[in-house]
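> Need coordinates for the below:
(4 chains)
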Number of protein chains: 4
Amino acid sequence: MATIEEGATVLILTEGGKRYLVGVRSGKRFHCSEGYVDVGDLVGREYGCIIQSNTGVRMSVHKPLLMDLLSKVRRVTQIVYPKDIGYMLIQSGIGPGSRVLEAGTGTGVLTATLAYYVKPTGRVYSYDVNQEYLEAAHYTLERLGLREYVELKNGDVSKYVEETGLDAVFLDVPEPWKAVENAWKALKPSGRFLSLSPTIEQIVETVETLRARGFDDISCVELLMRNMRVKRGMTRPEFLMHGHTAYIVSARKTLT
Amino acid sequence: MATIEEGATVLILTEGGKRYLVGVRSGKRFHCSEGYVDVGDLVGREYGCIIQSNTGVRMSVHKPLLMDLLSKVRRVTQIVYPKDIGYMLIQSGIGPGSRVLEAGTGTGVLTATLAYYVKPTGRVYSYDVNQEYLEAAHYTLERLGLREYVELKNGDVSKYVEETGLDAVFLDVPEPWKAVENAWKALKPSGRFLSLSPTIEQIVETVETLRARGFDDISCVELLMRNMRVKRGMTRPEFLMHGHTAYIVSARKTLT
Amino acid sequence: MATIEEGATVLILTEGGKRYLVGVRSGKRFHCSEGYVDVGDLVGREYGCIIQSNTGVRMSVHKPLLMDLLSKVRRVTQIVYPKDIGYMLIQSGIGPGSRVLEAGTGTGVLTATLAYYVKPTGRVYSYDVNQEYLEAAHYTLERLGLREYVELKNGDVSKYVEETGLDAVFLDVPEPWKAVENAWKALKPSGRFLSLSPTIEQIVETVETLRARGFDDISCVELLMRNMRVKRGMTRPEFLMHGHTAYIVSARKTLT
Amino acid sequence: MATIEEGATVLILTEGGKRYLVGVRSGKRFHCSEGYVDVGDLVGREYGCIIQSNTGVRMSVHKPLLMDLLSKVRRVTQIVYPKDIGYMLIQSGIGPGSRVLEAGTGTGVLTATLAYYVKPTGRVYSYDVNQEYLEAAHYTLERLGLREYVELKNGDVSKYVEETGLDAVFLDVPEPWKAVENAWKALKPSGRFLSLSPTIEQIVETVETLRARGFDDISCVELLMRNMRVKRGMTRPEFLMHGHTAYIVSARKTLT
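Below is the predicted model:
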């Protein structure tokens, strides 16, 4: 169960805090700033094992989680952060079996996470106006084994959404307010609207449009995450932090 | 599908922002600070519908999500907040099929959330030293339809844990460092350790114990959530906020 | 020097954390939720002394600082917080001898602070459209011994400002952008503009107006203050905090 | 008054947001990443004037404030930030005429600020165990015209403080708790204790020592400053921020 196999992707963590995602193949040598590691030799060893680079740097080898894999997806668009994804997921109430609309697909980071939590019986309908993004997301989802739970659709949700009776809608588009009407139509009554935007003007427009269209339980929050450096006698918050990622708007469909 | 049935629990939201969870039964009248509502009349109506109290206050009626139901669980212990739950969930990498240890059960809020995300094929092993908490959690889980995915166990994880090969361990106990050794044994290699504590001294002790026991990828974060009042021409963060809930420690098991 | 005199105002701090400002007069008994204290007996005792209420509650008696006195000013308008005042003061560069414009006077809290830091040779010109506020501020300043450093003026700075060559302008008005033009005229070249507003829309309007008028070095910040509960073994941030007070805009006049 | 003189130090701000402190001398050419500026030509021009570099970059020329000058002091030790200085200043209640103890002197940034606000009649007694720091601070204070308000003293305040009856004590030392006893002795009754420390363990030790020694009104706060990017249609908090500078402990001396 916990043995590394030929072809696996492993997460290598260095004692200095670096993180590498590496494909394991017989005879492969992986070069990094700590020297090199013969990753072919990892086949048959257990996840969680400790290895050394040729220069003597200690590393541990792990089975990557979804978030590890997603953290290395090429960032063609703004990334969605774990703290924001986790909160939206909980707020949306979706779980195995849920049917969900997403726009835009972008890098597929949120797409993959939604697929992961609605599988095996649910489905994600993910729209993007950019065909290239959809193709990149296609490969990301394939690699993660999540492709079958997602329908990738080339289209603009502010113009047309085919699905109805959905449990939740997730928007990560520049003008979410333009998609409010179609989100209302696509959602089942009492269904959940979630939207992610970096600027204040976007949330004002979105919230006012939601109010006018009869959504209820509207809230807007921002999450700040602070890393702590924990070390006995020297404990303090880290000096640098992300001061902002995005505001999260949520609402519930009412019948009006 | 979206029709309210006899015996259902509905979430009633008032225009003033109040939230009520009400059981629907024929002939039942629900009294609140907005007057009363004949909730028996809701049978057969759709979720998302708009009603009025006898005093004319507008309300919407919704199908409650897991977080709505959990927000009304009686708080015998410190509550775990959605922002923290969502982040821990994502960080843990658990999903449908995962096997998870939790301690302590407490009110069962985290227990229920974990069960919701590992179902239908996963399992939560939830320990508490307090038999009364376990009984309360039993009824909470039954009511939510999540009882079958959880084993409630009366015991102290710092003394004994029966399970092995687990995907993740979640601790919400006063002295998490005392459970680090048993968490290590219960986890599969590369498995995830998560712990939630309000004070600095707790996280220092926990992190130092994790380091000594050979855990890796240790991090400690704190999430601050700020509500925005969004109204065109009057938008600003809310004046009051929760300044602190808990620090979240996470780590990965290595083989040492 | 440190002896309490007849007629003095003292700050009484209880062991439970309450704060009372009390005038000392022979024979006076001060009633509070901790019982009563014969404050007349304080005459001749030293500041910093420890007393007990009749019910045995321990209290300490202090010489109030400016901020203590101001914290009890009746809040007819939004209060300005010490964290914001301190930052604006430092950013403005004003000190003994500076000549400063303020609008609006409001409760006089900021007025008094500015007067305190420009005295003895500087001057504060404080405008308000509301004559009642000016009268209240008059008495506040008199009581604090700061009246002579302030000119209280009934007027609207967006319409007319008489002074020129000022070191700094401080605005705490609902529409600061309307006063930008007159602020520019009143300031000496390179002089400092400071403005305090709670909403986003106010700062957008103000900053865009400053840019258009040739101000430079424009910044907008927000300060969050978090109280720590410090107790060995139980240290953590306080659970409740002020999530927002105001945004602070600052700029420098250029010659255009 | 507002004319640039030979020998003056000016603050040059570029349209790109860079900040240069430059000494003005006839014939001097100042080279920077925007090309060069003949700063000798600034003599006789007004502060606030707009100039261009030889490559056409727009710049404004300002009279530097204390904070501008201090921001360029060589950082031999941890810097003290304006937000923290401003808060401590307000909390301390000091003003023109106050007598203040400081330790350690370090770069002299806090020393200079204290001198600026207690002048012309007050005095700062600034101790450091490091003679080199004192010498650097000596020149910094001279350059700022604040030298005469400060006594620089080579010594360890945890061992000995000569002054008594002080209005306030400011500590920025690695082990502030060791200086609590001498701070108590040096302060007048009801006098203010302020201390700045980056780590939790420092504040726990300091606060517990203050409690044991009979200080009162003990508080510990942390200030977070967030910059806003204000631009119509694109307004949001900046993505990066300082997550931590220091905790500020304050207290008042009681007689025990």
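
> Could you double-check that A:Leu210 lies in contact with A:Val249?
Yes: if you go by CB atoms under 8 Å, A:Leu210 and A:Val249 touch, sitting 7.4 Å apart. C-beta: built from backbone N, CA, C; applies to glycine.

> hey, what's in contact with both of the two?
By CB atoms under 8 Å, 6 or more residues apart in numbering or on different chains, A:Leu210 and A:Val249 have these common neighbours: A:Phe193, A:Ile218.

> Tell me if A:Gly86 really is in a helix.
Yes: secondary structure of A:Gly86 (DSSP: H, G, I helix; E, B strand; the rest coil): part of a helix.

> Roughly how far does it sit from B:Ser92?
The spacing between A:Gly86 and B:Ser92, counted by CB to CB, to the nearest Å, is 10 Å.

> what about the residue of the stretch 151-256 of chain A found nearest chain B, distance to A:Arg236?
Chain B sits closest to A:Pro189 of the stretch 151-256 of chain A, with a gap of 3.0 Å, by CB to the nearest CB. From A:Pro189 across to A:Arg236, the span is 49 Å (CB to CB).

> Which single residue of the stretch 101-250 of chain A ends up nearest chain C?
Going by CB to the nearest CB, chain C is nearest to A:Ile200 of the stretch 101-250 of chain A, at 4.9 Å.

> Check the stretch 1-150 of chain A too.
The stretch 1-150 of chain A approaches chain C most closely through A:Tyr87 (16.7 Å), counting by CB to the nearest CB.

> And the pLDDT for the closest residue to that residue other than its chain neighbours?
The spatially closest residue to A:Tyr87, leaving aside those adjacent along the chain, is B:Gly86, at 4.5 Å (CB to CB, 6 or more residues apart in numbering or on different chains). pLDDT recorded at B:Gly86 is 95.

> Does stretch A:21-32 reach chain B?
No: using CB under 8 Å from any CB of the partner chain, stretch A:21-32 stays clear of chain B, coming no nearer than 13.5 Å.

> Only C-alpha atoms, please: export that stretch in PDB.
The C-alpha atoms that make up stretch A:21-32 are tabulated as PDB, following Å, rounded to 0.1, in the frame of the first residue of the first chain:
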ATOM      1  CA  LEU A  21       7.400  16.900  -7.200                       C
ATOM      2  CA  VAL A  22       9.300  14.200  -9.000                       C
ATOM      3  CA  GLY A  23       8.300  11.300 -11.300                       C
ATOM      4  CA  VAL A  24       9.900   8.000 -10.300                       C
ATOM      5  CA  ARG A  25      11.500   6.000 -13.100                       C
ATOM      6  CA  SER A  26      14.200   3.300 -13.000                       C
ATOM      7  CA  GLY A  27      17.600   4.800 -13.600                       C
ATOM      8  CA  LYS A  28      16.400   8.400 -13.300                       C
ATOM      9  CA  ARG A  29      18.600  10.900 -11.500                       C
ATOM     10  CA  PHE A  30      17.000  14.100 -10.200                       C
ATOM     11  CA  HIS A  31      19.100  17.200 -10.000                       C
ATOM     12  CA  CYS A  32      18.300  20.000  -7.600                       C
END
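
> Could you give me the buried positions within it?
A:Val22, A:Val24, A:Phe30 (16 or more other CB atoms under 10 Å in any protein chain shown).

> Tell me, how many residues neighbour the nearest residue to A:Arg123 once chain neighbours are set aside?
What sits nearest to A:Arg123 in space, not counting adjacent residues and going by CB to CB, 6+ apart, is A:Arg99, at 5.2 Å. A count of neighbours around A:Arg99, defined by other CB atoms under 10 Å in any protein chain shown, yields 20.
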